[in-house]
Each structure stands twice: as structure tokens, then as C-alpha cells.
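Asker: Attaching a predicted model along with its sequence, questions to come.
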Amino acid sequence: MQKEEQKIRMEREDVEGFRNWLTERECAKHTIQKYVTDVHTFFRFLGKESQVDKGRMLEYREWLLLHYAGASVNSMLAALNQFLEYLGQDRLKLKRLRIQKKLYQEETKYLSRKEYFRLVDTARRKGREQLALIMETIGSTGIRISELSYFTADGVRAGKIHVWNKGKYRVVLLPEHLRKRLKVFLKKEGRTSGPVFCTRNGKPKDRSNIWREMKVLSREAGVEPEKVFPHNLRHLFARIFYRVTGNLTNLAGILGHSSLEATRVYTADGLEQWMRDIGRVQLLGKKITT
């Protein structure tokens with residue numbers, strides 16, 4: 001007779017301890033918030049039930065597949081697996097989905113250079129110089145939005161921004177034209193120290209502030225809102241850099257990637273170009289007559 005698998009009790013109160021555990025492991029704030037949110041989704045799935053076993057965990061993965069795209073399922077499983085590690089229940093961890101890598105980016109998803117300049121010009125015309133500079137800073141350096149808080153007056157004067165992010169230290173070099181523009185902005189704002197980009201209260205701008213401002217700007221600039229978010233500016237920088245230089249190794253270093261595979265995502269051509277390349281193969285036989 002097969003022995004029934006032992007169930008464990010999961011409590012919602014454990015989530016706060018999980019948050020502290022992630023903080024002690026020096027995870028980024030955005031990562032912590034996402035993991036906690038994803039674990040709350042798991043508890044919503046459980047409902048009033050608190051006893052779980054491997055079978056129940058597998059049911060959750062099937063439920064995710066019905067409600068979310070593959071990439072989202074994998075990110076939510078990653079969060080749950082971290083929670084299980086925190087609880088000391090590694091045996092309940094779930095394998096993530098195997099998803100075929102895309103060899104192209106859909107044309108409708110990425111931001112074009114023309115749309116980018118339309119956003120920047122609209123921001124300036126509306127008197128939002130700081131937002132225009134934020135977009136230009138990401139677009140000119142390829143930084144992550146979370147790295148924007150490391151931009152300080154001292155760093156601008158030195159032309160180098162020292163970043164500690166995702167457990168890694170790196171230096172972001174500022175192009176001279178961007179450095180000059182940031183220095184003019186700081187002088188106009190009367191700031192000689194501290195963060196470059198601030199709210200009205202003097203606090204560093206965070207991703208939620210910038211995301212909301214960019215969405216409003218997208219409508220004013222006539223650019224599809226689905227294309228307008230900070231990370232798409234990083235994509236734009238990577239695509240143009242690779243198109244101009246063809247140097248994937250240097251691009252990986254600039255973006256702060258430890259793997260070239262992570263960088264290839266940013267350099268994939270659009271679907272239209274991909275289809276043109278396929279058409280050039282010309283392996284059709286004789287023309288069929290009807």
C-alpha cells in the first residue's frame with residue numbers, strides 16, 4: 001500500500017518573514033515586492049485551505065497555465081520556490097516551464113527611434129525637463145530603471161556612476177553630451193550634491209513615479225502606451241548600439257550582463273526583418289502551373 005504523502009501547513013503570516021528573509025539576502029526592493037505579491041497569489045489560489053502537498057503544488061502550476069502567459073508562470077514559480085526555500089520545504093519546489101526562446105522581437109512591441117524622440121520632444125515642450133532627461137539618460141546609457149537612483153551630482157561631475165545592483169558592482173560611463181546636459185540641469189535646479197532626479201519632496205524618483213509619468217506622456221506624444229515603459233528605453237539603446245557596433249561582448253558589459261545569452265534578447269531583429277531573411281533562402285522548386 002502506497003504511503004500517503006505528508007502535508008505541510010502554510011500560513012499567510014509567513015509572508016512577512018519571507019519579506020525579511022529576502023531583505024537580509026540583499027535582494028532588490030522591486031524583486032522583493034514582486035516575490036511577495038506572487039506568493040500572495042498562491043495563497044489566493046489556496047483559499048481557506050492551508051494544508052498542501054506536492055499534488056496541490058502541481059495543481060497550482062496547472063492553474064497558473066490557465067491564467068497567465070508562460071514567462072509570467074515561470075517568474076511566479078521562481079518566487080514560490082524561493083518561499084519554499086525560506087520555509088525549508090525544498091521537496092515541494094516546482095520545475096519551471098521550458099519555453100522556446102524567441103529569435104525575434106515583435107515589431108509592435110518595441111519602441112522605435114522616431115517614437116523615442118517624439119516622447120523626449122513632447123516632454124520638453126510640456127515643460128517636463130526632468131522626465132525628458134530621465135528618458136535620455138536611460139536611452140543613452142542602457143541602464144536599468146533601478147540604477148537611476150545611483151546618479152548623483154558627484155557622479156555626473158566625474159562622468160562615472162558607481163552602481164551596486166543585483167549583487168554586482170559596476171561603473172556606468174556617461175557620454176559627454178549627456179554629462180553636459182545633466183550638469184546644466186543640476187545648475188538650473190541649484191543642486192551640488194545628492195541624487196540627480198528627485199520628486200518635489202526631494203526624494204529620489206522611483207520606478208512607479210516614472211512609469212506613471214511616461215504613460216501620461218505617451219498619450220500626449222501619440223505613441224502607443226503599450227510601448228512606453230522604462231525598460232523599453234534600455235531595449236532601444238541595446239538595439240541601436242548593436243546595430244552600430246556589432247559588438248555583443250561590449251554590449252553585455254555595458255548592460256551589466258554576466259552572460260551573452262541574456263544580451264541576445266536585446267539584439268534580436270524585428271519579425272519583418274526575420275521574414276525577409278527567410279525569403280532570401282530561396283529553396284523552392286520549379287513554379288507550379290495550374
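Answerer: In hand now; what should we look at?

Asker: Which elements pack onto the strand or helix carrying R56?
Answerer: Here R56 sits within helix 54-67, counting by DSSP states H and E. Packed against helix 54-67 by the contact rule (3 or more CB pairs under 8 Å, 6 or more residues apart in numbering; DSSP states H and E) you find helix 29-46, helix 70-87. All C-beta spots, glycine's among them, are computed from the backbone N, C-alpha and C.

Asker: Tell me what angle it forms with helix 70-87.
Answerer: 150 degrees (axes from the mean of the first three to the mean of the last three CA atoms, to 10 degrees).

Asker: residues of helix 54-67 that come out buried?
Answerer: Of the residues in helix 54-67, 56-57, 60-61, 64 count as buried by neighbour count, 16 or more other CB atoms under 10 Å.

Asker: Check stretch 244-253 too.
Answerer: The neighbour-count criterion (16+ other CB under 10 Å) identifies 248, 251-252 as the buried residues of stretch 244-253.

Asker: Cross those against helices and list the overlap.
Answerer: By the criterion of DSSP state H, membership of the buried residues of stretch 244-253 in helices covers 248, 251-252.

Asker: Which residue ranges of the stretch 101-250 of the chain form helices?
Answerer: When assigned using DSSP state H, counting those that start in this stretch, the helices of the stretch 101-250 of the chain occupy the ranges 113-125, 129-141, 153-158, 176-189, 207-221, 230-245, 248-255.

Asker: Centre-most residue in the protein?
Answerer: H231 (5.5 Å; CA atoms, centre = their mean).

Asker: Where does pLDDT dip in this structure?
Answerer: Regions of the chain meeting the criterion pLDDT under 70 cover residues 1-5, 99-108, 166-167, 261-262, 265-290.

Asker: between the buried residues of stretch 244-253, which is nearest A123?
Answerer: The nearest member of the buried residues of stretch 244-253 to A123, counting by CB to CB, is L251 at 26.6 Å.

Asker: Report the separation between the residue lying closest to T41 once chain neighbours are set aside and R61.
Answerer: The spatial neighbour of T41 that comes closest, neighbours along the chain excluded (CB to CB, 6 or more residues apart in numbering), is M76 at 6.6 Å. When CB to CB, to the nearest Å is the yardstick, M76 and R61 sit 9 Å from each other.

Asker: buried residues in stretch 227-238?
Answerer: Taking 16+ other CB under 10 Å as the neighbour-count basis, stretch 227-238 is seen to contain the buried residues 227-230, 232-238.

Asker: Can you give the distance of that stretch from its chain's centre?
Answerer: 9 Å (CA atoms, centre = their mean, to the nearest Å).

Asker: can I get the CA coordinates of it in PDB?
Answerer: Once side chains and other backbone atoms are set aside, the C-alpha atoms of stretch 227-238 remain, and they are given as PDB (Å, rounded to 0.1, in the frame of the first residue of the first chain):
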ATOM      1  CA  LYS A 227       5.400  50.600 -25.900                       C
ATOM      2  CA  VAL A 228       6.100  53.300 -23.400                       C
ATOM      3  CA  PHE A 229       7.800  52.000 -20.200                       C
ATOM      4  CA  PRO A 230      11.400  52.500 -18.900                       C
ATOM      5  CA  HIS A 231      12.800  49.100 -19.800                       C
ATOM      6  CA  ASN A 232      11.900  49.600 -23.400                       C
ATOM      7  CA  LEU A 233      14.300  52.500 -23.500                       C
ATOM      8  CA  ARG A 234      17.000  50.000 -22.400                       C
ATOM      9  CA  HIS A 235      15.900  47.800 -25.300                       C
ATOM     10  CA  LEU A 236      16.200  50.700 -27.700                       C
ATOM     11  CA  PHE A 237      19.700  51.600 -26.500                       C
ATOM     12  CA  ALA A 238      20.800  47.900 -26.900                       C
END
